[in-house]
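Participant: need a 3D model of the following:
(one chain, ligands or ions: 2)
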Amino acid sequence: MHSTLSFSQATTVPTTNYAFHSQSPINLRFCGLRREAFGISILTRSSSGRVRLSTRGRSKRTSASTGNNGTPPKSFDYDLIIIGAGVGGHGAALHAVEKGLKTAIIEGDVVGGTCVNRGCVPSKALLAVSGRMRELQSEHHMKALGLQVSAAGYDRQGVADHANNLASKIRSNLTNSMKALGVDILTGFGTIVGPQKVKYGKVGFTDNVVTAKDIIIATGSVPFVPKGIEVDGKTVITSDHALKLEFVPDWIAIVGSGYIGLEFSDVYTALGSEITPARDGKPVIVELTDAKTKEHKDTLEVDAALIATGRAPFTYGLGLENINVVTQRGFVPVDERMRVIDANGNLVPHLYCIGDANGKMMLAHAASAQGISVVEQVTGRDHVLNHLSVPAACFTHPEISMVGLTEPQAREKAEKEGFEISVAKTSFKANTKALAENEGEGLAKLIYRPDNGEILGVHIFGLHAADLIHEASNAVALGTRIQDIRFAVHAHPTLSEVLDELFKSAKVNAPESTSSPISEPVAA
Ligand SMILES: Cc1cc2nc3c(=O)[nH]c(=O)nc-3n(C[C@H](O)[C@H](O)[C@H](O)COP(=O)(O)OP(=O)(O)OC[C@H]3O[C@@H](n4cnc5c(N)ncnc54)[C@H](O)[C@@H]3O)c2cc1C
Ligand SMILES: NC(=O)c1ccc[n+]([C@@H]2O[C@H](COP(=O)([O-])OP(=O)(O)OC[C@H]3O[C@@H](n4cnc5c(N)ncnc54)[C@H](O)[C@@H]3O)[C@@H](O)[C@H]2O)c1
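Facilitator: Ligands and ions are numbered 1, 2, ... in the order given. Below is the predicted model:
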């Protein structure tokens, strides 16, 4: 039997047809499946072994809430309730207890969410293996280092176990960290039933109602599958299935060349798969059509297809209709402080949404940073997260990383606001550490304002690019200008000298500030 897929473009040609990202029946089908999974969760509220930090005494605990769903409760069970224990919820919870808030987190599936169980963590375990395989298989690279290695091989189950074991370990670390700090982990599906009021439990069976002064929605996302594609989990799969590495297909078509498409291309090619073109007589037929004209372009026959066409927010069943909130393509509308906006454009008091569910930036650390920002606000310090300072990385070999604007975005901004931009570039080819590793392929690019030294964007492609980006992202976050950071000293020989050289090569017309790190302490 053949499964047939239709989609607009092959993996190597990215489209930006986000019209697909609607709350389509496919999204609902996914949500329905997840809801079933939630339905079989443990129901009891865990409080054993908790060590409570001192709370600020901001709220009194009541038993179950009373009053209509539409009426805010007069006292609260918690200062803060977070719906969803992914990395976003976890980051918010830890910061909340540190700030003295009495905090609960509701989780309908397993602690850790996408990142820990079906995302960053297992995928990086697979990529660690693919990196080594790639290196060991490169005769040229090995010879250049003077090494001799007999044919490299791998045990598929061993690789799969590495990814699975890492996810389990990190999941248990996350759970333990919350328990140790006194976060109540409430198990079950959470639904907002009114202002400052949430019910949770096994769907259709148990309803425990809890109240909180503030609520954070952190319900994350699920794979988005375009209309017309039937995922069977065997030959037509999403990242949820691929991460289990139950098989390594000879020929696989990857639909979508975003983060997931690129990272899985790295994994599969290192483990021996051919990504495209396909051979005849294979179980999956992929029809390629032009995204605009819908004209048929080509047909591929492959062993498997990985659908990596983005993620859809998971906001189904959250009860947003009970508080007059309408999602936009499934995403919860928020302002720059992650405050939820209702159908009339007003802010919903005491309600926030962070992470993938708001769609601002679908990255683990962005979710967590948004959560921390919300906690800062609810504990009295205004805070707006600068998303332009949040770094992003794709963990291919070599890695790609970035922060801030791309060059076209910077040019557009410059034209609108009336300033000049300049671009500086450096290569890994002249970096001693990179050459010692025989990894001289790579470059770094800086987009900046020559008039005042502001860093607008940094992009790196090369060995350990994902680690290197933080010098630039911290500079953006702290507002450090090039004329100041260029005096910071970097150890030799290190890859960080690539960035040192990048900042030094920029031509800035502004003087360094008086607190420049080059200044000697002045004797009294
Ligand atoms: C294959 C893959 C690799 C990735 N790699 C990276 C990476 O390397 N780096 C990176 O930064 N990002 C990566 N991401 C993205 C990252 O995983 C997400 O951005 C991140 O997980 C979002 O966190 P979150 O807390 O918003 O949501 P999630 O992690 O999705 O967590 C949401 C949680 O809420 C629970 N939930 C949902 N609804 C309810 C409800 N009503 N009641 C109770 N609980 C509920 C869910 O069960 C889940 O546990 C990757 C994603 C994928 C798919
Ligand atoms: N290293 C990381 O930080 C990392 C790794 C994996 C995932 N993620 C996160 O997970 C999210 C999902 O990743 P993703 O790669 O699925 O999404 P993505 O948005 O990064 O890429 C999806 C790609 O699929 C293409 N596409 C959409 N519909 C298509 C169709 N019908 N035919 C052909 N191509 C089509 C899009 O044009 C796009 O290039 C991302 O937003 C990312 O933030 C991050």
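
Participant: tell me the SS of the residue in the stretch 101-250 of the chain positioned nearest to ligand 2?
Facilitator: The stretch 101-250 of the chain approaches ligand 2 most closely through Pro226 (4.4 Å), counting by Cβ to the nearest ligand atom. Every C-beta, even on glycine, is put in place using the N, C-alpha and C of the backbone. Secondary structure state of Pro226, per DSSP: H, G, I helix; E, B strand; the rest coil, is coil.

Participant: phi and psi next, for it.
Facilitator: Torsion angles at Pro226 (phi, psi; degrees, to the nearest 10) stand at phi -60, psi 150.

Participant: which residue packs closest to Ala472, ignoring adjacent ones?
Facilitator: Val458 (3.8 Å; Cβ to Cβ, 6 or more residues apart in numbering).

Participant: residues contacting that neighbour?
Facilitator: 402-404, 444-447, 469, 472-473, 476, 499, 502 (Cβ atoms under 8 Å, 6 or more residues apart in numbering).

Participant: and Ile215, by the same measure?
Facilitator: Ile215 neighbours (Cβ under 8 Å, 6+ apart): Leu80, Ile81, Ile82, Ile83, Ile192, Gln196, Val198, His350, Leu351, Tyr352.

Participant: select from those the one having the most neighbours.
Facilitator: Using other Cβ atoms under 10 Å as the neighbour criterion, Ile82 leads those with 35 neighbours.

Participant: on the three-state scheme, Trp161 is what?
Facilitator: For residue 161 the amino acid is Asp, not Trp. Classification of Asp161 using three-state DSSP returns helix.

Participant: helix/strand/coil for the closest residue to Arg481 other than its chain neighbours?
Facilitator: What sits nearest to Arg481 in space, not counting adjacent residues and going by Cβ to Cβ, 6+ apart, is Gly453, at 3.7 Å. Three-state secondary structure (criterion: three-state DSSP) places Gly453 in coil.

Participant: tell me how far the closest residue to ligand 2 within the chain lies from Thr114.
Facilitator: Relative to ligand 2, the nearest point of the chain is Gly258 (1.8 Å; Cβ to the nearest ligand atom). Distance, Gly258 to Thr114, by Cβ to Cβ, to the nearest Å: 15 Å.

Participant: ok, Ser368 next?
Facilitator: Separation of Ser368 from Thr114 (Cβ to Cβ) stands at 13 Å.

Participant: surely the residue of the chain closest to ligand 2 and Ala308 touch.
Facilitator: Yes: the pair Gly258 and Ala308 passes the contact test of Cβ atoms under 8 Å, sitting 6.5 Å apart.

Participant: in strands, which of the contacts of Val458 fall?
Facilitator: Members of the contacts of Val458 lying in strands (criterion: DSSP state E): Met402, Val403, Gly404, Ala444, Lys445, Leu446, Ile447.

Participant: hmm, back to that, let me know how buried the residue of the chain closest to ligand 2 is, in neighbour terms.
Facilitator: By the criterion of other Cβ under 10 Å, Gly258 has 16 neighbours.

Participant: how about the helix or strand in which Glu376 is found and ligand 1, any contact?
Facilitator: Assessed by DSSP states H and E, Glu376 sits inside helix 364-378. Yes: residues of helix 364-378 are located near ligand 1 by Cβ under 6 Å from any ligand atom, namely Ala364, His365, Ala367.

Participant: can you pull the contacts of the first one?
Facilitator: Ala364 makes contact with Val87, Gly88, Cys115, Gly119, Cys120, according to Cβ under 8 Å, 6+ apart.

Participant: who wins for neighbours among those residues?
Facilitator: Gly88 (34 neighbours).

Participant: let's verify it: helix, strand, or coil?
Facilitator: At Gly88 the chain is in helix, as set by three-state DSSP.

Participant: any idea which helix or strand comes after the longest strand belonging to the chain?
Facilitator: Assignment by DSSP E gives strand 208-217 as the longest strand of the chain. Downstream of strand 208-217, the next assigned helix or strand under DSSP H and E is strand 221-223.

Participant: what does this structure have sitting close to ligand 1?
Facilitator: Residues of the chain lying near ligand 1 (Cβ under 6 Å from any ligand atom): 83-89, 106-109, 113-115, 118-120, 123-124, 189-190, 218-221, 239, 260, 314, 317-318, 355-357, 362-365, 367, 395.

Participant: do that again at 5 Å, thanks
Facilitator: Counting by Cβ under 5 Å from any ligand atom, the residues of the chain close to ligand 1 are 84, 86-88, 106-109, 113-115, 119-120, 123, 189-190, 218-220, 239, 355-356, 362-364, 367.

Participant: which of those residues come close to ligand 2?
Facilitator: By Cβ under 5 Å from any ligand atom, the members of the residues of the chain next to ligand 1 lying near ligand 2 are Met362.

Participant: of the residues of the chain next to ligand 1, buried ones?
Facilitator: Buried subset of the residues of the chain next to ligand 1 (neighbour count, 16 or more other Cβ atoms under 10 Å): 84, 86-88, 106-109, 113-115, 119-120, 123, 189-190, 218-220, 239, 355-356, 362-364, 367.

Participant: quick one: the strands in the stretch 301-450 of the chain?
Facilitator: 304-307, 311-313, 339-341, 347-353, 392-394, 399-404, 422-427, 443-448 (DSSP state E, counting those that start in this stretch).

Participant: quick one: the first one near ligand 2?
Facilitator: No: contact between strand 304-307 and ligand 2, assessed by Cβ under 5 Å from any ligand atom, is absent, since the two come no nearer than 8.3 Å.

Participant: great, nothing more from me.
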